[in-house]
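K.L.:
Attaching a predicted model along with its sequence, questions to come.
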Amino acid sequence: MSKSSIARWYSGIYLSREHFTIIRIAIYVAIYDCERRKNMKSKISLCVVSLDRALIWNDTFEPSTAPNKLEASGNNPDYKKEHDRNESGRDRSSMNSNFLKELAEQVQHSEKYILISSGSGKANAAEVLMSHLEKESPSTANNLIESIKADVSNLSNDELLKLGRERWEKFRTTGN
């Protein structure tokens with residue numbers, strides 16, 4: 001080893017200055033890539049939404065894939081009716097504003113998304129979410145592919161994924 005090359009001791013191996021620089025650059029690239037992936041948007045999200053919980057799949061509609069789960073807190077600051085004591089003190093007639101904001105943040109991280117929910121009017125969580133997005137983030141509201149009405153409480157995760165997969169395939173082939 002010449003005097004001009006500086007040897008570094010690393011895990012029992014002598015590294016030249018050039019090799020050490022290459023390893024350091026590789027580490028920086030790996031860290032940058034991890035940070036970039038954290039900030040990347042999902043290509044497609046499937047959100048199954050009710051007034052107090054949500055299941056979210058990002059970038060995959062494969063059967064038996066575990067979703068991200070969001071759940072509203074037990075105390076709804078927006079309630080206007082008496083608490084239903086049989087339902088853990090939750091008022092299930094309106095969506096918790098904190099839960100709504102958290103759900104909206106999840107949807108904003110998607111380039112396109114599909115919503116599945118049940119009910120109609122103010123009992124339809126997808127409609128509540130869309131009206132919130134239209135006010136707060138119109139660009140995100142425009143990324144909606146479709147809002148599907150289904151009996152979300154009686155369908156399995158795989159059946160919900162099948163609905164989302166069918167709609168995504170239709171969108172990919174026709175653009176609608």
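P.N.:
On my side now, so go ahead.

K.L.:
What residue spans form the domains of the protein?
P.N.:
8-37, 42-174 (automatic domain parsing).

K.L.:
pLDDT (mean, whole number) over the first one?
P.N.:
What it means is domain 8-37. For domain 8-37, the mean pLDDT works out to 67.

K.L.:
those helices in the chain, which residues are they?
P.N.:
For the chain, the helices defined by DSSP state H cover 17-39, 97-108, 125-136, 138-141, 157-174.

K.L.:
Now do the buried residues in the shortest one.
P.N.:
Neighbour-count burial for helix 138-141, counted by 16 or more other Cβ atoms under 10 Å, picks out 140-141. Any C-beta I mention is one placed from the backbone N, CA and C, and that applies to glycine too.

K.L.:
thinking again about what came up before, okay, the domains of the chain, which one's buried deepest?
P.N.:
Mean neighbour count (mean count of other Cβ atoms under 10 Å) peaks for domain 42-174 among the domains of the chain, with a mean of 16.

K.L.:
from the chain's centre, how far out does that domain sit?
P.N.:
Domain 42-174 sits 10 Å away from the centroid of its parent chain (Cα atoms, centre = their mean, to the nearest Å).

K.L.:
Repeat that for stretch 168-176.
P.N.:
Remark: stretch 168-176 is offset 21 Å from the chain centroid, using Cα atoms, centre = their mean.

K.L.:
Which residues does that stretch contact?
P.N.:
By Cβ atoms under 8 Å, 6 or more residues apart in numbering, the residues outside stretch 168-176 that reach it are 44, 46, 61, 112, 114, 145-146.

K.L.:
can you put the residues you listed in JSON lines and add pLDDT and distance to Lys135?
P.N.:
JSON lines is the format used below for the contacts of stretch 168-176 (pLDDT from 0 to 100; distance: Cβ to Cβ, whole Å):
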{"residue": "Ile44", "pLDDT": "86", "distance to Lys135": "24"}
{"residue": "Leu46", "pLDDT": "91", "distance to Lys135": "23"}
{"residue": "Phe61", "pLDDT": "76", "distance to Lys135": "29"}
{"residue": "Lys112", "pLDDT": "90", "distance to Lys135": "20"}
{"residue": "Ile114", "pLDDT": "93", "distance to Lys135": "21"}
{"residue": "Ile145", "pLDDT": "92", "distance to Lys135": "20"}
{"residue": "Glu146", "pLDDT": "92", "distance to Lys135": "20"}
